[in-house]
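Q: the sequence and its predicted three-dimensional model are supplied below.
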Amino acid sequence: QKEVEQDPGPLSVPEGAIVSLNCTYSNSAFQYFMWYRQYSRKGPELLMYTYSSGNKEDGRFTAQVDKSSKYISLFIRDSQPSDSATYLCAMRPAAGNKLTFGGGTRVLVKP
Amino acid sequence: DAMVIQNPRYQVTQFGKPVTLSCSQTLNHNVMYWYQQKSSQAPKLLFHYYDKDFNNEADTPDNFQSRRPNTSFCFLDIRSPGLGDAAMYLCATSRAQGMNTEAFFGQGTRLTVV
């Protein structure tokens, strides 16, 4: 079993819809949680960063962390065709610097 | 402004010919990472530096080496590239402690082995 599980998709939604992405993990030591967007042939771009449990909102993006369930989510409101990309979750423990990634979810927003 | 810069963006090398990829950062972060990413897969950590301390992943082949001469620069050396080493190589940086420890990535170097 992988430490971080993420549905590979593809997830296809119409423009304007809410995109809902999630990851589950098994390591209870993870404390820092990140979401990255990666366009084809480009490096990952940091979207959201959260520490421990709770919600964080930034523009059209909302990140949620539920440590009791070992489950994190990213919601994208009012999705645009430019949101079409692969979304990667990543997490790390409080001690140590190793970042562990999920496999990524491909998202396609259709005009 | 780019904060993590990787050069070159595209690299073609011959089978078995040593190649070096470079990464520089303007963030003054003490942790630098090298990841390998193959098509449609998650980035795979090869190794990372915490300041000058080198941390190798157990499953990173000996063919991959790294150097960090100073805080700003880090290099990935592939001693004898094989066809299976063709991939995107990603450099990332982060702070090691405190609340703001998110990792920032460069644009990657796409390596082709011929």
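A: Perfect, I can see it now. Numbering: from 1, shown residues only, chains lettered A, B, ... in the order given.
Q: just for the chain, where's the confidence low?
A: You didn't pick a chain, so chain A it is. For chain A, no stretch has pLDDT under 70.
Q: actually it's chain B I care about, not the one you picked
A: Using pLDDT under 70, chain B drops low at B:1-2, B:98-99.
Q: near chain A, which residues of it?
A: With CB under 8 Å from any CB of the partner chain as the criterion, chain B meets chain A at residues B:4, B:6, B:31, B:33, B:40-43, B:45, B:48, B:50, B:55, B:88, B:90, B:92, B:94, B:96, B:99-108, B:110. Where C-beta positions appear, they are placed from N, C-alpha and C, glycine not excepted.
Q: distance between the ends of stretch A:32-50?
A: 6 Å (CA to CA, to the nearest Å).
Q: any part of that stretch near chain B?
A: Yes. Residues of stretch A:32-50 contacting chain B under CB under 8 Å from any CB: A:Tyr32, A:Met34, A:Tyr36, A:Arg41, A:Lys42, A:Gly43, A:Pro44, A:Glu45, A:Leu46, A:Tyr49.
Q: taking those residues together, which two end up most distant?
A: A:Tyr32 and A:Arg41 (27.2 Å; CB to CB).
Q: the two: which has the busier surroundings?
A: For A:Tyr32 versus A:Arg41, the count of surrounding residues by other CB atoms under 10 Å in any protein chain shown is larger for A:Tyr32: 21 against 12.
Q: give me the beta-bridge partners of the more buried one?
A: A:Tyr51, A:Arg92 (DSSP bridges).
Q: list the contacts of it.
A: A:Tyr49, A:Thr50, A:Tyr51, A:Met91, A:Arg92, A:Pro93, A:Ala94, B:Thr101, B:Glu102 (CB atoms under 8 Å, 6 or more residues apart in numbering or on different chains).
Q: mind running it again at 10 Å?
A: A:49-52, A:65, A:90-94, A:99, B:94, B:99-103 (CB atoms under 10 Å, 6 or more residues apart in numbering or on different chains).
Q: mind checking which of those residues are buried?
A: Buried members of the contacts of A:Tyr32, counted by 16 or more other CB atoms under 10 Å in any protein chain shown: A:Tyr49, A:Thr50, A:Val65, A:Ala90, A:Met91, A:Arg92, A:Leu99, B:Ser94, B:Thr101, B:Glu102, B:Ala103.
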